[in-house]
Structures are given as structure tokens and as C-alpha cells.
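S.K.: Make a model of this:
(chains A and B)
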Protein chains: 2
Amino acid sequence: MNPPLRWNDDARRVDLLDQTQLPVEETWLEIETPDRMAEAIRMLRVRGAPAIGIAAAYGLVLAVSRDPQSFDQAFRVLADSRPTAVNLRWALERMREVWRRRPDAASLLAEAINIHEEDLAQNLKIGAYGAELLGQGAKVVTHCNTGALATGGHGTALGVIRSAWSAGHLAQVYNTETRPWLQGARLTAWELHEEGIPAKLVADGAVAHLMTREKIDWVIVGADRIAANGDTANKIGTYALAVAAKLHGVKFMVAAPSGTFDLSCPSGQAIPIEERTPRELTEFRGEPVAPLGYDAFNPVFDVTPADLIDAIVCERGVISPVSEEAIRKLLG
Amino acid sequence: MNPPLRWNDDARRVDLLDQTQLPVEETWLEIETPDRMAEAIRMLRVRGAPAIGIAAAYGLVLAVSRDPQSFDQAFRVLADSRPTAVNLRWALERMREVWRRRPDAASLLAEAINIHEEDLAQNLKIGAYGAELLGQGAKVVTHCNTGALATGGHGTALGVIRSAWSAGHLAQVYNTETRPWLQGARLTAWELHEEGIPAKLVADGAVAHLMTREKIDWVIVGADRIAANGDTANKIGTYALAVAAKLHGVKFMVAAPSGTFDLSCPSGQAIPIEERTPRELTEFRGEPVAPLGYDAFNPVFDVTPADLIDAIVCERGVISPVSEEAIRKLLG
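M.R.: Coordinates of the predicted model:
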């Protein structure tokens, strides 16, 4: 699979796969200005926390390549493109640090490539550690999109699946639709299809039933934030999968870079859960699928308690069984 | 709410609310011939096992009202409209029995009205029994559509919710979207909205999380078939709700007429589960939402084992705790 986000050195631009057109069209955008990059981030043409951090870093390179005086303005435009995205801010700050020390385009490009390659390298390590946990002929379930589209490449949970497939360990993937945004149907299915990995789509609510019909070995998911005790916030629907996995003796793996741990957060209880507009459930692509003005409970994330998680895999290794002590030990 | 399916005696026709247009449009069809009724059944303009049985029965009345010789042909056309629907066949056979004994339109109409009114009467009893189980200020979750749209009126699981609301017992309903057909979003939400019952839509995969955030008292669902031991086949996603309910101490109610019991079926293991085309998951209203040709696991039903069910409510009373002995005793 071509990297969905890449620096094109000949053309001094970023080539970006427009995720809003997937899986129907593979539209490649030629991004030449920070304003266009900010637009791509704002419009979710690129999404996934690590991927938008990398995209924003390249956005600053595009700015100073054309006008070295435009750094600060480009910084603001990019920072405002998704105001609440932690990785975006983190990547931009890291770029500003370099710019202060060495205000030249080449240094800035080198740092953007560093950010990108570090993420990819982390994911390859996560993939290798995670794949080792899977036995021969493993059947797995994954949720949402945690693949190359969401990261600097390879992916986290989907990276584990990629690595396991390469190692010949994997027999079958079931990927959830992931309501309400269908990232599983639209994006994960696209990635699995591109890789030729045997995979089937499954409705979020059908996974528990699937576990009664077929021996599933692992549920493998990513994470948005992991508390000090191992409680994990991830895309809504994750907790329901963990509950079903526990009852059916299916193991549950969280795969995420170590930057996802928030040791200042003692447990999942302290993680705020964003709720979004009912319209994400009451409409589909602008068409109503429920009565006008109908209310909805529409949280973006849920929290899976540590005692439902068999292993947390990051680039530094595997935490299993999951405990605050084991987390602190691995993170140093 | 106007009955979504009713015999219009002045016009000698059936007035039918076209469910395929809900929740956006309330389109009433004036059905005057058995062919049009068969088309309405085939195109899911009327759906829900009891409702299509009733619709087909009226279809025979329409046939003989115009041409007494057309009974057999109308029978075949209607029987073929949804070949696997058990209630459809059952209602048509019952009508044929009457036609053999008394081949006149008035007797046939009387029998169709009987079938219709019996179903409504059963549902009102189910509603009353079920509502009694709910305490004051109950918060409930329901799945799929089991309302007036799916039955002769009032509904089964949604009938319990209606009765509880009338009795002043109910504080809040959460109704699932019900992937892949969205009967919850499109139909149950429409019925709850019409009744003014406080309700919120929730993604199927978000219900387990909801149970950690709010005290839910009951999950209330319908049934497609109930085995002799109480194992219950119902719309896909039901089992996942039952698993989550058990973990969170939420009670689980199945509401269905006694005709839903299949005592010849010893347990859920013996219930065949229909699987449907992957396209119900990979497309939405004809537009692709997953890669072309992507495979899917798309069962229509799942089985909830009796030990996850706190009460089965039918028109004869309440079975709780659920056991084969208690079922056989109530059914006589």
C-alpha cells in the first residue's frame, strides 16, 4: 500500500490520500501550502491523532519553503484546524522548537520527517510485539480505524494485524463498522482489502453473537488515552466488545504508542468523555434516518476498565497482566 | 397515533402507512387490490411478522370483494410476497379455512378483522403485564422495532413501553439504531416521537457504555422465536445487549405473543440463523460505504440464552424466572 501521507521531495509538496473519498475513490491531493493542509485537517481528509500531527508538521515546512516570514501565521492556522487534537499541538510545538534554534527550511523538513519516521518506527515495534502474542491461525476482531491512514504508517491495532499477517499467524479478521462514523467500514476495510488480508465486516452489535459461532482469539483495539491504572479510553463501542470478549474467553489487546499513557490520570473515571451532536446518529450523509429533532446519546469514546484488558502493547514492550505497577515499570 | 394498517370500510380498501418512507414522509397508501398488497409486503412498505400476516389477510378480502373467483390466485400472489414469513402463511391458511366453509366476502372480512383484533388484544395484555414489572421512574433500553408498525397495533416490547408510559411508570427510553436496517432509528424513534415519550437514540455498540453512566432498569426486546427452554432468537444485536445487561445488573425482558414459542425446538442451538447479503453492511441506500466486493458476516438474528433473561411476558402472563417447566405450565 502506498503511504497515504508522504513528503514529495521532487515537487516540494505533500501527497495526501483524501480519506473523505474512501472507499469509493482514491483521490490524491497535492498539498503545496499550509492553508490547504489546514483545510485538509479541518475537513477530515486526514484524520487519526498521529497522522494529523505529522500532516501539520509538514504544513510548516510548506510555509517556510515559500516564505520564511510566514512561520508564525502558518503555525496559528494549522493549530486552529482541529483545536482539541493533542498530537497536532504537540507536533507543532516540537517544530517551533527547531525553528527557534535553526530557522531554515531544511532543518524544519528534517524534523517533520523525524516525527513521521518515529511514529512509523514505533508502530512497527508495536506490530512486532503484538503479533508475537497471537498464535498460529489466529482469528481477531478489530474496531474503528487504527491503520496507516490514522498514523505515520503501519498503524497501531491494525499494525499488529499487519505484522501478524506478514508473519503468517493470521487466519481471519473481522472488522466492525464502527458507528456512527463507519471508520471501520470505510477505512479499515479499505486498508485490509488493499493488503489482501482475509477480512469480513461485522455490525458492532453482532460481535457478541459472532463469538458464540466462531472461536475468536483476540479483540485488538487502539487507544485515545490510557490512565495510570490501565483503564483505556477508546472509540465508542470498544467497551461493549471487551465485555463480550470477557464472557466468551476471548483475549483483549490494546495497542498504542507510549505517548498515549497519561500517568497524571489515575483511572478511567477521570477521563472526560466528549459527546457529539445527535445528528451524527439521526442523519446519514445529510439525509434524515430518524425523526427531525430526535435526541440521541452520542459519546465519542468509552472507557474499558483495566481488568477487561489482557495486554497493553506499546513500542517499549508488552504489559500483561495490566497493573499500575507494570505500566510504571515499563514506562520507566 | 393513527393505526398504520387499517381496513377502510367506506372505501372497501386498506389504508397503509408506507414504512419505507418513514421517518421523513408519512405516505398513506390506498390499497385496493391483492396485487398492490403483495407489492407492499414484498417492498417492505409493511413489515413485522404480525403486521404482514394481517395485511395479507386483508389482501384476500380485497380479492374476493372484486372477483369471488380470484381467491386462489390472490392466495398464491400473497403467499409468494415474502416466502419465508411464518405469520404470513399462517394468516393466509386461516383465511382459506374460512373461505372453504363460507365462501363470501363478509365472512372473509370478519376473519381478517378477527386476526387483526386478536393481535392487538394480545399486545395490550402483554403491555399491561410487562408494565407491571417496571417500577416508578423506569429507564429502559429497547432494540429494533416491535411497535404498532410491526404488529396489529400497540406492539410487543414497544407495547410494554407504551403501557408503562400510560401508567406513568416510565422516565426515559433509549432506543438502539439497530444495524444494519436501522429499524430503531427509522421506525421505533418515529413511534416514540409520535407518542411524545422521552427517548434518545443510541448506537448499538454504545449501550454497554450507557449502562456505566446511567442506571438503566430494563432492556425490553421482542422475539422471533422462543425455544422450549426459553432461549430466544431475536434481531441481531439483542444478545450483546443481554450480555451487557447481565454485567451491569440491568434486568432483561422478552415481550412476545405465545405464538412465538416453539416447544418443538428444545433450545437456541436448534434455531437456524439466517444470514443475509454483505451488501446490507457494505452499502447504505445503494451507496458503497466499504470497498466493492468486501465480505461481511451479516446474520439477521442471534440467540439470547434463557439464563440471561429475567422475564418472558406473553398475553397469558409472566414467566419469571425462566425455565422450561414454567413455560410449559403457562402455555398449558
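S.K.: any idea how far the residue lying farthest from the centre of chain A is from chain B?
M.R.: Within chain A, A:Gln69 marks the point farthest from the mean C-alpha position, 33.1 Å out by C-alpha atoms, centre = their mean. Plainly put, A:Gln69 is 45 Å away from chain B if you go by C-beta to the nearest C-beta, to the nearest Å. The C-beta positions use only the backbone N, C-alpha and C, and glycine is treated the same way.
S.K.: mind listing the helices for chain A?
M.R.: Ranges of helices within chain A are A:34-42, A:49-66, A:71-79, A:86-101, A:105-133, A:157-166, A:183, A:189-195, A:207-213, A:238-248, A:279-282, A:324-331, based on DSSP state H.
S.K.: okay, those helices in CSV with mean pLDDT and distance to B:Ala11 next?
M.R.: Shown next, in CSV, are those (pLDDT from 0 to 100; distance: least, C-beta to C-beta, whole Å):
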stretch, mean pLDDT, distance to B:Ala11
helix A:34-42, 97, 56
helix A:49-66, 96, 61
helix A:71-79, 97, 65
helix A:86-101, 94, 64
helix A:105-133, 97, 67
helix A:157-166, 98, 59
helix A:183, 96, 50
helix A:189-195, 97, 50
helix A:207-213, 98, 45
helix A:238-248, 98, 49
helix A:279-282, 96, 35
helix A:324-331, 97, 72
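S.K.: In CSV: those helices, plus distance to B:Thr260 and mean neighbour count.
M.R.: Below are the helices of chain A laid out as CSV (distance: least, C-beta to C-beta, whole Å; neighbours: other C-beta atoms under 10 Å in any protein chain shown):
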stretch, distance to B:Thr260, mean neighbour count
helix A:34-42, 51, 22
helix A:49-66, 48, 26
helix A:71-79, 58, 19
helix A:86-101, 51, 18
helix A:105-133, 44, 20
helix A:157-166, 40, 27
helix A:183, 37, 26
helix A:189-195, 36, 22
helix A:207-213, 19, 23
helix A:238-248, 25, 24
helix A:279-282, 30, 20
helix A:324-331, 49, 14
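S.K.: can you list these in a markdown table and add distance to chain B?
M.R.: Output for the helices of chain A, formatted as a markdown table (distance: least, C-beta to the nearest C-beta, whole Å):
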| stretch | distance to chain B |
| --- | --- |
| helix A:34-42 | 21 |
| helix A:49-66 | 20 |
| helix A:71-79 | 30 |
| helix A:86-101 | 22 |
| helix A:105-133 | 22 |
| helix A:157-166 | 15 |
| helix A:183 | 11 |
| helix A:189-195 | 4 |
| helix A:207-213 | 4 |
| helix A:238-248 | 4 |
| helix A:279-282 | 5 |
| helix A:324-331 | 21 |
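S.K.: With distance to B:Lys329 added, can I get the ones you listed in a markdown table?
M.R.: Converted to a markdown table, the helices of chain A look like this (distance: least, C-beta to C-beta, whole Å):
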| stretch | distance to B:Lys329 |
| --- | --- |
| helix A:34-42 | 64 |
| helix A:49-66 | 58 |
| helix A:71-79 | 69 |
| helix A:86-101 | 60 |
| helix A:105-133 | 50 |
| helix A:157-166 | 50 |
| helix A:183 | 50 |
| helix A:189-195 | 49 |
| helix A:207-213 | 29 |
| helix A:238-248 | 30 |
| helix A:279-282 | 42 |
| helix A:324-331 | 52 |
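S.K.: nearest to A:Ala150, of those?
M.R.: Closest to A:Ala150 of the helices of chain A is helix A:49-66 (C-beta to C-beta; 5.4 Å).
S.K.: Break chain A down into its structural domains.
M.R.: What the record gives for chain A is the domain set A:5-121, A:128-331, from automatic domain parsing.
S.K.: How far does the shortest one stretch from one end to the other?
M.R.: Meaning domain A:5-121. In domain A:5-121, first residue to last residue: 15 Å (C-alpha to C-alpha, to the nearest Å).
S.K.: which stretch among the helices of chain A comes nearest B:Arg100?
M.R.: Closest among these, using C-beta to C-beta: helix A:207-213, at 42.9 Å.
S.K.: Check which helices and strands the closest one sits against.
M.R.: Packing partners of helix A:207-213 (3 or more C-beta pairs under 8 Å, 6 or more residues apart in numbering or on different chains; DSSP states H and E): strand A:170-176, helix A:238-248, helix B:238-248, strand B:301-304.
S.K.: which residues touch the second one?
M.R.: By that I understand helix A:238-248. A:141, A:143-144, A:176, A:204-205, A:207-208, A:211-212, A:216, A:219, A:221, A:232, A:250-252, A:301-304, A:308-309, B:205-209, B:212, B:240, B:243-244, B:247 (C-beta atoms under 8 Å, 6 or more residues apart in numbering or on different chains).
S.K.: try the first one
M.R.: Contacting residues not belonging to strand A:170-176 are listed as A:134, A:137-144, A:161, A:164, A:184-185, A:188-189, A:192, A:197-204, A:207, A:210, A:216, A:237, A:241, B:205, B:297 [C-beta under 8 Å, 6+ apart].
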